[in-house]
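**Q** need a structure here:
(one chain, ligands or ions: 1)
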Amino acid sequence: MYLASIQALMQTPLGQVVEKTNQVFWICSADFSKVLYVSPNYEKIWGHSNARLYDNPKAFLEPIHPDDRARVNTSVQQLENKQDFDEEYRIILPDKTVRWIHDRGFPILDTNGNVECLAGIAEDITDRKAALEALRESEDKFQQFANHVDIVFWLCTPDVSEYYYMSPYYEKLWCRTRESLYQEPHSFLKSVHPDDLERITSKAVGDNAFDIDEEYRIIRPNGSIRWVRDRTFPIKDKNGNVYRMVGVAEDITDSKLAQEEISKALQRERELSDAKSHFIATTSHEIRTPLAIIQSSFDILQNYLENLTPEKKQKHFQKIESSVKRIAAIVQDTLLIAEGQAGTLQYEPRDVNVVKLCQEIIAAIYEVNPNVNPIDFTVTGNKPIIKLDPKLLDHILANLLGNAIKYSPQNSTVSFELNLLSDSVSFFVSDKGIGIDINDLPHIFNSFYRASNASNYPGTGLGLAIVKQCVDLHKGSISVESAVDEGTTFIVKIPK
Ligand code: ADP
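**A** Residues are numbered from 1 along each chain as shown. This is a model prediction of the structure:
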């Protein structure tokens with residue numbers, strides 16, 4: 001009876017639609033023992049005749065891929081228990097090609113709720129599956145790219161009021177979650193360095209946010225600072241209106257630091273070159289003055305030797321001697337600096353009575369010029385035998401004391417304090433002289449550097465550089481406290 005009404009239905013326009021659509025409609029008896037109807041498309045998709053199914057309903061299982069067959073069979077049997085059937089499975093066509101089928105079946109119940117027959121629709125979803133698979137694959141590839149590339153990229157509205165996508169590297173670079181950005185799109189600004197914030201706020205979320213190229217710093221939650229280059233590009237519709245924007249941000253900290261290093265090195269190079277020119281000018285000047293004295297005393301002695309009193313002769317000989325010493329000292333300083341820079345300055349420590357050594361250095365200063373400022377030498381602590389290099393210590397103290405004398409008014413006392421401690425020895429050299437300007441202080445240990453207020457005093461700017469080299473060889477430290485027109489204290493500390 002059922003069969004007759006199906007056949008009648010197929011003669012109606014609805015039946016024509018059923019037969020002409022791409023789907024396969026099927027109807028079976030409740031126990032699946034008989035196929036009552038299969039639309040003609042079956043033959044087109046399966047490549048098997050409908051007649052085969054009418055003969056043996058179970059024949060529909062045969063073309064199913066062996067890996068899917070058992071699953072489909074179990075599922076079909078559930079139909080008889082009034083459960084819907086909804087499966088995707090592969091079929092193998094007679095020419096061995098494989099196609100994907102989506103098959104759904106439903107029990108049709110009579111008025112008493114008994115299964116009267118089973119009906120279903122099957123369709124070929126091979127192309128859709130392939131398209132989905134291709135989409136999944138390209139999404140996979142995109143995800144792999146997004147997960148591994150060390151740049152942040154995003155897609156958002158032109159006014160940055162909503163993000164459609166933000167790549168995972170944002171979390172690594174900003175150390176903030178992408179979720180926080182999706183919820184609060186401007187929250188990336190919270191990390192921007194205060195000095196860059198105003199500029200970046202006006203550009204990166206302003207009217208032309210979709211067309212920027214900016215470099216700025218971000219501060220991460222652990223306090224570390226990174227440099228970021230942020231570029232955005234507009235996406236326009238066919239009328240030329242911007243409806244989205246894409247952005248790319250990259251961590252440029254390393255190249256920024258490298259750039260800074262290069263410009264610092266260039267600056268150092270420039271300073272050194274300036275200092276060398278300055279040195280040549282100063283040294284020439286410094287040498288020319290004693291040379292002129294030598295020349296003039298020599299001329300006087302040569303031309304008027306007979307007429308000069310013994311005292312006058314002695315005065316000129318002394319002038320020649322001290323000028324020669326002055327030139328020798330300049331040459332020695334230059335050589336010391338050169339040795340220090342070449343790493344050939346020798347460090348030869350031995351047990352030395354440091355109190356005695358200090359007294360000898362003071363005595364040597366007075367020997368050269370008995371009229372220099374008084375030096376008030378005091379010692380605190382005991383055990384004066386210390387392992388150090390006496391020659392290097394001589395360079396350190398002679399330079400510091402020499403400067404204290406040179407840069408302070410005649411007769412004002414220079415204080416020299418030696419502090420013997422259990423693990424170190426410290427030397428304090430203080431004067432009440434011209435002092436050093438705060439802007440000059442960071443540079444005074446550089447070779448050839450002279451403070452702005454030192455130009456009226458003789459010097460080459462090498463003494464403190466030599467002092468620093470000698471202190472470093474002792475693995476010690478040197479510091480300075482100074483106030484212009486009040487005085488200066490140098491503190492050298494050498495570990496035992
Ligand atoms: P210089 O031969 O010019 O004295 P130094 O290397 O010994 O060179 O010192 C470098 C600079 O540091 C000096 O030119 C001077 O400007 C400053 N300086 C050093 N010691 C003193 C000091 N005791 N008082 C004031 N300025 C000082």
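
**Q** which residues in the stretch 151-300 of the chain form helices?
**A** Using DSSP state H, counting those that start in this stretch, the helices of the stretch 151-300 of the chain run over residues 169-174, 178-183, 194-204, 253-304.

**Q** pick the most deeply packed of those helices.
**A** Among those, the stretch with the highest mean neighbour count (mean count of other CB atoms under 10 Å) is helix 169-174, at a mean of 19. C-beta coordinates here come from the backbone N, C-alpha and C atoms, glycine included.

**Q** chain center to it, what's the gap?
**A** Taking CA atoms, centre = their mean, to the nearest Å, the mean C-alpha location of helix 169-174 is offset from the chain mean by 13 Å.

**Q** so what does it touch, helix or strand wise?
**A** strand 151-156, helix 178-183, strand 242-251 (3 or more CB pairs under 8 Å, 6 or more residues apart in numbering; DSSP states H and E).

**Q** for the longest one, packing partners?
**A** Yep, that's strand 242-251 we're talking about. Packing contacts for strand 242-251, counted by 3+ CB pairs under 8 Å, 6+ apart, involve strand 151-156, helix 169-174, strand 225-236.

**Q** may I have the strands that pair with the last one, each with its orientation?
**A** I take that to be strand 225-236. Strand 225-236 has the following strand partners under DSSP bridges: strand 213-219 (antiparallel), strand 242-251 (antiparallel).

**Q** OK, contacts around I293?
**A** Contacts for I293 were tallied using CB atoms under 8 Å, 6 or more residues apart in numbering; they are 319-320, 323.

**Q** same deal with D110?
**A** E116.

**Q** likewise P390?
**A** Listed by CB under 8 Å, 6+ apart, the contact partners of P390 are 350, 352, 357.

**Q** with respect to the ligand, which of the helices of the stretch 151-300 of the chain lies nearest?
**A** Closest approach to the ligand among the helices of the stretch 151-300 of the chain is made by helix 253-304 (8.2 Å; CB to the nearest ligand atom).

**Q** in stretch 223-238, which of the residues would be classed as buried?
**A** Along stretch 223-238, these residues count as buried under the neighbour rule (16 or more other CB atoms under 10 Å): 226-230, 232, 234.

**Q** ugh, wrong one, stretch 485-493
**A** Residues 487-493 are the ones in stretch 485-493 that count as buried (16+ other CB under 10 Å).

**Q** ok, and what's touching that stretch?
**A** For stretch 485-493, contacts defined as CB under 8 Å, 6+ apart pick out 396, 400, 404, 407-408, 424-436, 467, 471, 476-482.

**Q** what about 7 Å?
**A** For stretch 485-493, contacts defined as CB atoms under 7 Å, 6 or more residues apart in numbering pick out 396, 400, 424, 426-436, 471, 476-482.

**Q** enumerate the residues of this structure near the ligand.
**A** Counting by CB under 6 Å from any ligand atom, the residues of the chain close to the ligand are 399, 403-404, 407, 431, 433-436, 444, 449-451, 454, 459-465, 488.

**Q** in helices only, show me those.
**A** In this view, the residues of the chain next to the ligand that belong to helices under DSSP state H are 399, 403-404, 463-465.

**Q** and the residues you listed, which is closest to the ligand?
**A** G463 (2.6 Å).

**Q** mind checking pLDDT for the closest one?
**A** At G463, the model reports a pLDDT of 93.

**Q** relative to D431, how far out is it?
**A** 14 Å (CB to CB, to the nearest Å).

**Q** who has more neighbours, the two?
**A** Legend: neighbour count by other CB atoms under 10 Å for G463 and D431, higher for D431 (28 against 23).

**Q** how about the more buried one, what does it touch?
**A** Neighbours of D431 in contact, by CB under 7 Å, 6+ apart: 404, 407-408, 414, 487-488.

**Q** and the buried residues of stretch 223-238, which is closest to D299?
**A** Closest approach to D299 among the buried residues of stretch 223-238 (CB to CB): W227, at 66.6 Å.

**Q** list the residues that contact the closest one.
**A** So W227 contacts 215, 217, 252-253, 256 (CB under 7 Å, 6+ apart).

**Q** confirm that I494 sits in a strand.
**A** Yes. Counting by DSSP: H, G, I helix; E, B strand; the rest coil, I494 is part of a strand.

**Q** for it, give the beta-bridge partners.
**A** V425.

**Q** distance check, it against the ligand.
**A** 19 Å (CB to the nearest ligand atom, to the nearest Å).

**Q** that residue against I478, yeah?
**A** No. Look at I494 against I478 with CB atoms under 7 Å: they stay out of range, at 9.7 Å.

**Q** hang on, the earlier thing: I'd like the contacts of P390 as TSV, with pLDDT appended.
**A** Below are the contacts of P390 laid out as TSV (pLDDT from 0 to 100):
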residue	pLDDT
R350	96
V352	95
L357	96
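
**Q** tell me which of the residues you listed fall in strands.
**A** Secondary structure assignment by DSSP state E places 350, 352 of those in strands.

**Q** if we ignore the residues flanking it in sequence, what's nearest Y243?
**A** D237 (5.2 Å; CB to CB, 6 or more residues apart in numbering).

**Q** quick one on the thing from earlier: now render the strands paired with strand 225-236 as CSV, adding mean pLDDT and mean neighbour count.
**A** Listed next are the strands paired with strand 225-236 as CSV, based on pLDDT from 0 to 100; neighbours: other CB atoms under 10 Å:
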stretch, mean pLDDT, mean neighbour count
strand 213-219, 96, 17
strand 242-251, 95, 18
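
**Q** please, where are all the strands along the stretch 51-200 of the chain?
**A** 85-92, 98-109, 115-124, 151-156, 163-166 (DSSP state E, counting those that start in this stretch).

**Q** export these to CSV and tack on mean neighbour count and mean pLDDT?
**A** Below are the strands of the stretch 51-200 of the chain laid out as CSV (neighbours: other CB atoms under 10 Å; pLDDT from 0 to 100):
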stretch, mean neighbour count, mean pLDDT
strand 85-92, 17, 95
strand 98-109, 17, 94
strand 115-124, 19, 92
strand 151-156, 19, 96
strand 163-166, 16, 95
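
**Q** could those strands be laid out in a markdown table, adding distance to A134?
**A** Putting these into a markdown table (distance: least, CB to CB, whole Å) gives the following:
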| stretch | distance to A134 |
| --- | --- |
| strand 85-92 | 17 |
| strand 98-109 | 14 |
| strand 115-124 | 17 |
| strand 151-156 | 21 |
| strand 163-166 | 20 |
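
**Q** out of those, nearest to V38?
**A** strand 115-124 (9.3 Å).

**Q** between that closest one and strand 98-109, how many degrees?
**A** With axes from the mean of the first three to the mean of the last three CA atoms, to 10 degrees as the basis, strand 115-124 and strand 98-109 are set at 160 degrees to each other.

**Q** just for the stretch 201-350 of the chain, where's the confidence low?
**A** Applying pLDDT under 70 to the stretch 201-350 of the chain flags residues 275.

**Q** hmm, I300 is touching F317, no?
**A** No. I300 lies out of contact with F317 (CB under 7 Å); the separation is 10.8 Å.

**Q** immediately after the helix or strand harbouring V471, which helix or strand?
**A** Element membership for V471 (DSSP states H and E) is helix 463-473. Downstream of helix 463-473, the next assigned helix or strand under DSSP H and E is strand 477-483.

**Q** paired strands for that next one, with orientation please.
**A** Applying DSSP bridges to the sheet, strand 477-483 is found paired with strand 487-495 (antiparallel).
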